[in-house]
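# this one's sequence-less:
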């Protein structure tokens, strides 16, 4: 963040300092990308469907959910959408 005088706020400086400590060889652009990425992820967990399929779940800050299996990555509108298990729904996906 920049103030009207062009100085960074303590919040932005703190974030940058943390990333420099964690990843000293990363460029400022890489650290900004990682900060943006982590702001968009709400949680990461594993979900057992009960049918012998386990998914890695990435819940995004906007409520959407990525379900990741050994076969595909599927974007769901919400956890409710994922849990509904409607295989006929047209969702964005990537086959692995």
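Sure, I can see it. Just so it is clear, the model here is predicted, and its values are computed rather than measured.
# For the protein, which segments count as strands?
Residue ranges of the strands in the chain, as given by DSSP state E, are 41-48, 54-60, 65-68, 72-76, 93-95.
# Contact partners for residue 82?
47, 55, 57, 65, 67, 76 (C-beta atoms under 8 Å, 6 or more residues apart in numbering). Every C-beta, even on glycine, is put in place using the N, C-alpha and C of the backbone.
# List the contacts of residue 44.
56-59.
# per-domain residue ranges of the chain.
As given by automatic domain parsing, the domain ranges for the chain are 10-39, 41-95.
# and the spatially most central residue of the chain, what are its bridge partners?
For the chain, the residue nearest the mean C-alpha position is residue 41 (3.3 Å; C-alpha atoms, centre = their mean). On the basis of DSSP bridges, residue 41 is bridged to residue 60.
# Is it in contact with residue 60, as I believe?
Yes. Look at residue 41 against residue 60 with C-beta atoms under 8 Å: they come within range, at 6.4 Å.
# ok, back up a step: how about the domains of the chain in JSON lines, adding mean pLDDT?
As requested, the domains of the chain are exported to JSON lines (pLDDT from 0 to 100):
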{"stretch": "domain 10-39", "mean pLDDT": "68"}
{"stretch": "domain 41-95", "mean pLDDT": "88"}
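# For the closest residue in space to residue 95 that isn't next to it in sequence, grab the count of nearby residues.
In space, and not counting its chain neighbours, residue 95 is closest to residue 72: 5.3 Å by C-beta to C-beta, 6 or more residues apart in numbering. For residue 72, the neighbour count with other C-beta atoms under 10 Å is 13.
# For residue 72, give me its contacts.
So residue 72 contacts 93-96 (C-beta under 8 Å, 6+ apart).
# so which of these is the most crowded?
residue 93 (14 neighbours).
# That one and residue 30, how far apart?
Distance of residue 93 to residue 30, given as C-beta to C-beta, to the nearest Å: 28 Å.
# Also residue 48?
Taking C-beta to C-beta, one finds residue 48 at 35 Å from residue 30.
# Neighbour count: the two, which is higher?
Neighbours were counted for residue 48 and for residue 30 using other C-beta under 10 Å; residue 30 has more, 12 against 9.
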